[in-house]
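Asker: mind looking at a prediction? Sequence and model below.
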Amino acid sequence: TVKIEYISDKISVSRKQVMDYVIKHRNKERNTFMLYMWSDYIRECEKLGYDLYDKSIVMPRDLAAAHERTSLIIKTENDLRLKYQLEISNAARKKMEYTDKKRGLTVIIPESVEEIAREGRILHHCVGGYAKRHAEGTLHILFVRQIGKEDIPYYTMEVSLSGKIV
């Protein structure tokens, strides 16, 4: 009932209208799932600045498709924001690049959050979970590579803002 009240209050319709919409549009989904998806969709619409009094927006014919669209828009906006933050924070990290020919190693800076996630998948560790903080500049993720094999993940290093290897 909390979700029903939330939806009802946010889009200014009665609780009966909420349940009628759920029953009419549930498409083999349980009512509870439909309510969770709908409330999430409404939160996304609110975040995107959509008119919550426009019934064609808040009570779409295909809720799943509408929810997928708003989720994609928000993800795209977040990805662009992270990319911009990463460009800014990476400019300050350029001094951290290093090559030690004697050891045959080089330290490079990841250029995207996708690159960090890929590193974690290949080396079977959790660095992908640090990508956002790296982009925001609250920690540094550096890739250690063998010279001549810079595209092949070898070792991942976290460095604190104070310059200590974590």
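Answerer: Great, that's in hand.
Asker: just to be sure, residue 41 is in a helix?
Answerer: Yes - secondary structure of residue 41, determined by DSSP: H, G, I helix; E, B strand; the rest coil: located in a helix.
Asker: distance of it from residue 13?
Answerer: Summarising the geometry, the distance separating residue 41 from residue 13, computed by C-beta to C-beta, to the nearest Å, is 14 Å. C-beta: built from backbone N, CA, C; applies to glycine.
Asker: out of these two, which sits in the busier spot?
Answerer: Applying other C-beta atoms under 10 Å to residue 41 and residue 13 shows that residue 41 carries more neighbours, namely 23 against 17.
Asker: now do the contacts for that one.
Answerer: Taking C-beta atoms under 8 Å, 6 or more residues apart in numbering, we find residue 41 in contact with 63, 66, 67, 70.
Asker: in space, what's closest to the third one - neighbours in sequence excluded?
Answerer: Using C-beta to C-beta, 6 or more residues apart in numbering and skipping the chain neighbours, the partner closest in space to residue 67 is residue 41 (4.2 Å).
Asker: so where's the protein shaky on pLDDT?
Answerer: 27-29 (pLDDT under 70).
Asker: mind listing the strands for it?
Answerer: Chain-ordered strands for the chain, with DSSP state E as the definition, fall at 98-100, 105-108, 140-146, 155-159.
Asker: for these, give me a markdown table that also has mean neighbour count and distance to residue 74.
Answerer: Conversion of the strands of the chain to a markdown table gives the following (neighbours: other C-beta atoms under 10 Å; distance: least, C-beta to C-beta, whole Å):
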| stretch | mean neighbour count | distance to residue 74 |
| --- | --- | --- |
| strand 98-100 | 12 | 38 |
| strand 105-108 | 16 | 31 |
| strand 140-146 | 19 | 24 |
| strand 155-159 | 15 | 28 |
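Asker: what's around residue 133, how many residues?
Answerer: Going by other C-beta under 10 Å, the residues that sit close to residue 133 add up to 14.
Asker: from residue 96, how far out is the closest residue in space to it that isn't next to it in sequence?
Answerer: When the adjacent residues along the chain are set aside, residue 133 lies closest to residue 139, with 5.1 Å between them (C-beta to C-beta, 6+ apart). Here the distance between residue 139 and residue 96 works out to 12 Å (C-beta to C-beta).
Asker: need the residues touching each of those two.
Answerer: When contacts are counted by C-beta under 8 Å, 6+ apart, residue 139 and residue 96 have residue 159 as shared neighbours.
Asker: for the residue of the chain most remote from its centre, give me its contacts.
Answerer: When distances are taken from the C-alpha mean of the chain, residue 102 lies farthest, 39.7 Å away, according to C-alpha atoms, centre = their mean. Residues in contact with residue 102, defined by C-beta under 8 Å, 6+ apart, are absent; none qualify.
Asker: before I go, just wanted to say thanks for your time.
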